[in-house]
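Chemist: The sequence isn't on hand, but the structure is:
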């Protein structure tokens with residue numbers, strides 16, 4: 001099989017991104033997608049599994065599932081892809097359809113708020129079609145219950161009428177494959193998770209994998225780039241391909257306006273400095289949090305609400321936008337008394353921690369309840 005033959009159909013996709021808990025601050029290192037990202041990503045996405053960089057375990061496991069299904073001549077088990085935004089869940093869903101040479105229907109959890117919404121999508125599927133449900137954890141409960149039956153028995157019960165006279169009419173469905181994507185797998189109810197025959201968790205990418213992604217993107221964008229410049233961009237991309245491609249486009253812009261048009265190390269460093277992305281991939285908000293913790297609160301502990309006031313942001317913004325990356329990289333830890341800066345944070349700011357200060361080991365995610373003060 002060659003080429004990318006899958007037909008893509010969109011079913012009332014919700015334009016919102018993320019979990020909708022707050023309006024995210026526009027950040028160049030935000031892993032959430034934008035309309036501009038979606039347009040560019042469509043052109044840069046790998047079309048086949050052997051073109052997909054990184055995620056070797058998920059790629060090999062998914063390849064086995066798809067190859068076995070092709071040899072049987074039947075649709076594969078339903079697939080659940082989980083992991084932070086920007087790592088390639090949508091791309092893998094498109095690849096599943098391409099490898100099976102089947103059309104793909106694209107919709108999202110927020111767009112399916114009633115069982116009737118899901119019934120209309122399911123009833124129009126053709127045999128072998130791939131149904132991609134992005135942010136599947138945000139589906140309504142009635143729709144989830146209908147999806148259970150559809151995934152397991154390939155049928156739905158359509159209720160006609162209301163009250164005591166209502167009648168459930170079973171509607172048979174052709175065999176199809178659901179590919180669900182979620183950034184919060186823990187919010188999926190167990191009965192729904194159990195109906196996925198394959199679950200793949202996408203991790204953050206190694207720098208070497210990001211360099212390969214950037215090499216391919218630069219080639220497709222027609223941007224001349226040297227290896228050292230792409231390595232510089234990869235180092236600052238927070239392990240996320242979406243961020244890497246976005247930074248590449250901004251470096252390209254700088255090179256075209258202020259440089260020779262070629263993406264070299266000088267252009268990369270100058271452009272990323274202009275956009276406030278430092279050597280560790282931290283941006284203005286990240287550094288503001290670290291500066292407040294170290295300079296104003298002596299490294300902590302400091303409560304989340306107090307920290308948010310100090311940096312002039314909403315509490316949700318600090319907790320959901322800045323904190324996850326800072327915790328993952330070891331710059332801050334959460335303790336029962338509040339947030340504390342680690343020696344790595346002090347060193348990143350070029351500061352010396354107060355003598356005798358001991359930073360506790362990080363607690364498991366959620367062990368502190370997420371808020372103090």
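Modeler: Yep, it's here. Remember, predicted model here, so these are calculated numbers, not experimental data. Numbers count the residues shown, from 1 in each chain.

Chemist: what kind of secondary structure is the residue nearest the centre of the chain in?
Modeler: The centroid of the chain falls nearest to residue 85 when counting by C-alpha atoms, centre = their mean (1.1 Å). At residue 85 the chain is in coil, as set by DSSP: H, G, I helix; E, B strand; the rest coil.

Chemist: As a check, name the ranges of all strands in this protein.
Modeler: 8-10, 79-82, 104-108, 130-134, 155-160, 167-172, 177-182, 198-201, 332-335, 338-341 (DSSP state E).

Chemist: got these as a markdown table, with distance to residue 324, mean neighbour count and mean pLDDT columns?
Modeler: Every residue, glycine included, has its C-beta placed from N, CA and C. As requested, the strands of the chain are exported to a markdown table (distance: least, C-beta to C-beta, whole Å; neighbours: other C-beta atoms under 10 Å; pLDDT from 0 to 100):
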| stretch | distance to residue 324 | mean neighbour count | mean pLDDT |
| --- | --- | --- | --- |
| strand 8-10 | 30 | 14 | 55 |
| strand 79-82 | 15 | 24 | 92 |
| strand 104-108 | 22 | 22 | 89 |
| strand 130-134 | 20 | 26 | 92 |
| strand 155-160 | 38 | 14 | 71 |
| strand 167-172 | 42 | 10 | 73 |
| strand 177-182 | 16 | 25 | 92 |
| strand 198-201 | 16 | 16 | 92 |
| strand 332-335 | 10 | 22 | 86 |
| strand 338-341 | 13 | 25 | 88 |
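
Chemist: Could I get those in a markdown table, plus columns for distance to residue 93?
Modeler: A markdown table is the format used below for these (distance: least, C-beta to C-beta, whole Å):
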| stretch | distance to residue 93 |
| --- | --- |
| strand 8-10 | 10 |
| strand 79-82 | 7 |
| strand 104-108 | 7 |
| strand 130-134 | 4 |
| strand 155-160 | 22 |
| strand 167-172 | 25 |
| strand 177-182 | 4 |
| strand 198-201 | 11 |
| strand 332-335 | 34 |
| strand 338-341 | 36 |
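
Chemist: gap between residue 172 and residue 149?
Modeler: 11 Å (C-beta to C-beta, to the nearest Å).

Chemist: Residues that sit against both of these two, list them.
Modeler: Here residue 172 and residue 149 share the contacting residues residue 155, scored by C-beta atoms under 8 Å, 6 or more residues apart in numbering.

Chemist: Phi and psi next, for the residue nearest to the centre of the chain.
Modeler: phi -70, psi 150 (degrees, to the nearest 10).

Chemist: That one contacts residue 243, doesn't it?
Modeler: No. Distance between residue 85 and residue 243: 9.9 Å, which falls outside the contact criterion (C-beta atoms under 8 Å).

Chemist: confidence score at residue 317?
Modeler: With respect to pLDDT, residue 317 has a value of 81.

Chemist: Would you mind measuring from it to residue 231?
Modeler: Relative to residue 231, residue 317 is positioned 31 Å away (C-beta to C-beta).

Chemist: Between those two, point out the one with more neighbours.
Modeler: A direct count of neighbours by other C-beta atoms under 10 Å for residue 317 and residue 231 places residue 317 higher, at 19 against 16.
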